[in-house]
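1. No letters, just coordinates:
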């Protein structure tokens with residue numbers, strides 16, 4: 001039996017300081033605070049990866065620290081969050097507290113596989129999507145898909161499978177076998193299979209693992225590891241990242257009461273109100289039991305899979321997220337994405353993660 005050990009010191013980043021700024025202008029009797037909150041300090045996260053087979057990289061460098069959050073500034077500008085430090089270790093690694101011996105992380109299995117759904121036709125964005133698949137629509141200095149791949153790479157995910165269909169060759173040609181340090185694989189839909197039907201086409205080894213599945217046309221500051229952590233702690237078979245978002249009604253809405261002759265009394269009238277709703281963000285975690293409910297070659301959408309799981313007695317969890325999210329489904333969404341991306345670029349496109357030193361000696 002192979003045994004390897006390394007003792008290192010890790011520290012999460014410090015949160016940034018909040019800014020309290022008072023201004024006093026002529027003829028204004030009282031100034032007011034307009035400072036922003038400090039950003040969150042980064043975490044140290046251990047990630048199991050199948051292409052490593054030893055801890056030798058940690059024998060030389062012993063101290064690791066995540067990035068600090070940035071201080072808040074005036075005009076209520078919140079400081080940027082510190083980048084997480086993601087340390088890659090071999091599958092089978094157990095991380096313990098050196099003083100107490102408590103197990104902090106048991107990485108005896110590979111982490112979840114990642115699938116990006118990039119096979120849709122994007123009909124609501126026509127005619128733009130008649131010449132480009134939606135994941136390759138321009139956003140900043142690259143396509144929408146690039147933002148997701150950069151985020152995944154920065155968060156320590158080294159492999160991603162792209163499910164492709166419409167204009168698949170353009171996606172394959174643009175992305176190739178590796179992009180932004182992320183190795184890429186592909187599964188091909190010869191006919192449209194709905195939003196989750198293509199998951200049954202994944203190799204058997206992937207179908208036996210937990211899966212992070214996401215749409216290829218979304219913008220979000222969600223940390224995917226947070227979703228996975230919440231999923232595992234819930235014990236659910238499937239988890240969906242959700243947001244509370246009001247839905248604007250296009251009609252006047254009335255509440256009706258008792259009968260008044262052949263009609264009913266109107267109790268309330270609201271003209272085109274916003275109705276509170278909990279909506280799917282298009283990011284999911286599935287256990288193998290969920291994928292097993294999909295028949296290969298079957299066209300299946302996510303709501304149908306969720307209902308199958310619930311009727312079969314499985315737990316489906318919703319992970320509530322309060323950060324930034326945008327589904328780029330319509331022309332108005334795409335125009336907003338172009339504006340939001342420039343404003344939130346530092347949050348949406350993080351710097352590459354730090355890596356352990358390459359030189360090593362045995363302790």
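-> Yep, it's here. What you see is a predicted model; the values in this text were computed from it and never measured.
2. how about the helices in the stretch 151-300 of the chain?
-> 168-175, 204-207, 224-234, 288-291 (DSSP state H, counting those that start in this stretch).
3. which secondary element of this protein has the worst mean pLDDT?
-> strand 103-107 (a mean of 68; mean pLDDT, DSSP states H and E).
4. circling back to that earlier point, to residue 276, which of the helices of the stretch 151-300 of the chain lies closest?
-> Closest approach to residue 276 among the helices of the stretch 151-300 of the chain is made by helix 224-234 (22.1 Å; Cβ to Cβ). No exception for glycine: its C-beta is placed from N, CA and C like everyone else's.
5. Can you give me the buried ones in the helix or strand following the least confident helix or strand of the chain?
-> Once the chain leaves strand 103-107, the next helix or strand it forms, by DSSP states H and E, is strand 113-118. Residues of strand 113-118 classed as buried: 113-118 (neighbour count, 16 or more other Cβ atoms under 10 Å).
6. which one of those residues is nearest residue 201?
-> Nearest to residue 201 among those, counting by Cβ to Cβ, is residue 115 at 10.3 Å.
7. In this structure, where is pLDDT below threshold?
-> 1-4, 16, 18-37, 49-50, 74-78, 105-110, 122, 351-363 (pLDDT under 70).
8. Most distant residue from the centre of it?
-> The C-alpha centroid of the chain is most remote from residue 261, which lies 54.7 Å away (Cα atoms, centre = their mean).
9. Kindly provide the distance from that residue to residue 8.
-> Residue 261 is 80 Å from residue 8, where distance means Cβ to Cβ, to the nearest Å.
10. Residue 278 too?
-> Counting by Cβ to Cβ - residue 278 and residue 8 are separated by 41 Å.
11. cool, and residue 84?
-> Taken as Cβ to Cβ, the span from residue 84 to residue 8 is 16 Å.
12. Just give me the neighbour total for residue 141.
-> Counted with other Cβ atoms under 10 Å, residues neighbouring residue 141 total 9.
13. Ok, residue 212 next?
-> For residue 212, the count of nearby residues is 23 (other Cβ under 10 Å).
14. residue contacts, it?
-> 112-115, 157, 224, 227-228, 283-285 (Cβ atoms under 8 Å, 6 or more residues apart in numbering).
15. One more: residue 234?
-> 315, 317.
16. care to break this structure down by domain?
-> 1-110, 113-348 (automatic domain parsing).
17. what about residue 208, neighbour count?
-> Around residue 208 there are 13 residues (other Cβ under 10 Å).
18. Oh, that last question was meant for residue 258, not what I typed.
-> Around residue 258 there are 7 residues (other Cβ under 10 Å).
19. so it sits right up against residue 265, yeah?
-> Yes. Assessed by Cβ atoms under 8 Å, residue 258 is found in contact with residue 265 at 5.6 Å.
20. about what we covered before: residue 278 and residue 8: who's more crowded?
-> Of the pair residue 278 and residue 8, residue 8 is the one with more neighbours under other Cβ under 10 Å, namely 16 against 11.
21. Distance of the more buried one relative to residue 46?
-> When residue 8 is compared with residue 46 (using Cβ to Cβ), they lie 10 Å apart.
22. what's the answer for residue 206, then?
-> Going from residue 206 to residue 46 by Cβ to Cβ gives 22 Å.
23. Could you pull up the residues touching the residue nearest the centre of the chain?
-> Compute the mean C-alpha point of the chain, and by Cα atoms, centre = their mean the closest residue is residue 224, 4.0 Å away. Residues in contact with residue 224 (Cβ under 8 Å, 6+ apart) are 114, 151-152, 155, 157, 212, 214, 283.
24. again, only this time at 10 Å
-> Going by Cβ atoms under 10 Å, 6 or more residues apart in numbering, residue 224 touches 112, 114, 148, 151-152, 155-157, 212, 214, 241, 283, 285.
25. Residue 274 too?
-> Applying Cβ under 10 Å, 6+ apart to residue 274 gives the contacts 245-249.
26. Mind listing the residues bridging to it?
-> Residue 274 forms beta bridges with residue 248, as assigned by DSSP bridges.
27. do residue 326 as well
-> Going by DSSP bridges, residue 326 forms beta bridges with residue 219.
28. That one contacts residue 215, doesn't it?
-> No. Using Cβ atoms under 10 Å, residue 326 is not in contact with residue 215; the gap is 11.3 Å.
29. out of these two, which sits in the busier spot?
-> Between residue 326 and residue 215, residue 215 has the larger neighbour count (other Cβ under 10 Å), namely 22 against 17.
30. The more buried one bridge partners, please.
-> Assigned bridge partners for residue 215, using DSSP bridges, are residue 117.
31. what about it, distance to residue 176?
-> 21 Å.
32. Likewise for residue 230?
-> The separation that residue 230 has from residue 176, given Cβ to Cβ, amounts to 33 Å.
33. So between the two, which is more surrounded?
-> Neighbour count, other Cβ under 10 Å: between residue 230 and residue 176, residue 230 has more, with 18 against 9.
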